[in-house]
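In: here is my input, please return the structure:
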Amino acid sequence: QDTDNLVVKLAQTGNVVWAKPFGGKGGDNINQIAVDAEGNLFASGNFTGTLNFFDGVHEINNEGGLDGYIVKFSSAEVKVVWVRHVGGGGWETVYGIGVTASGNVLATGRFNSQQIGVDDQQLETTGDIDAFCLYLNGETGKLTWAFTFGTPDGEDRTGCTEVDANGNFYLTGFVSSGLV
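Out: So this is what the prediction gives:
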């Protein structure tokens, strides 16, 4: 199904401040959003085909199956600041996203490719479907650290992500075959 994403900012009165669609050929989804202290918007999701952003500059191409993405939009001018592609040959989805007080980003999801690439780092699966955590610099979007976890059989994935006042991350998710 050919669907596109939509991000909307509403004023406290309920009036639309801005609305921006983005997408491309194939199915596109936003799974979670987060806002930093400066009002910048971060979104995580997945797409098939090519994902085009409304600025005409940022575009990412799917590597097969379903690929994930993380995007930062500036609040004042509704511009794309940076985009990160999470891709491999299988199914990759970025479900959760959280922002620290300093503006850095933790993104979480699941993948079933043997390897997925983020920036110059390759992450490998330990089983059937595994979870991943990515920590990104909020200003540049560059990957700071990453890890995967899972069990040898079944599906393991993360869902929602939250950050507390001390900068600790909390993840939800499930494992299908025991402890990670």
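
In: quick check: which ranges of the protein have low pLDDT?
Out: 1, 177-180 (pLDDT under 70).

In: can you pull up the most central residue in it?
Out: Nearest to the mean C-alpha position of the chain, counting by C-alpha atoms, centre = their mean, stands residue 44 at 3.0 Å.

In: list the contacts for it?
Out: 30-33, 68-70, 94-97, 107, 109 (C-beta atoms under 8 Å, 6 or more residues apart in numbering). The C-beta positions use only the backbone N, C-alpha and C, and glycine is treated the same way.

In: so which of the residues you listed are in helices?
Out: Counting by DSSP state H, no part of the contacts of residue 44 is found in helices.

In: can you redo these as CSV with distance to residue 127 and neighbour count?
Out: Below are the contacts of residue 44 laid out as CSV (distance: C-beta to C-beta, whole Å; neighbours: other C-beta atoms under 10 Å):
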residue, distance to residue 127, neighbour count
30, 28, 19
31, 22, 19
32, 24, 19
33, 30, 15
68, 18, 29
69, 24, 28
70, 24, 22
94, 19, 31
95, 18, 23
96, 20, 25
97, 24, 26
107, 21, 29
109, 15, 29
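
In: list just the nearest of those residues to residue 40.
Out: Among the contacts of residue 44, residue 33 lies closest to residue 40 (C-beta to C-beta), at 10.9 Å.

In: how much space between that closest one and residue 9?
Out: Going from residue 33 to residue 9 by C-beta to C-beta, to the nearest Å gives 11 Å.

In: what do you get for residue 156?
Out: Residue 156 sits 35 Å away from residue 9, going by C-beta to C-beta.
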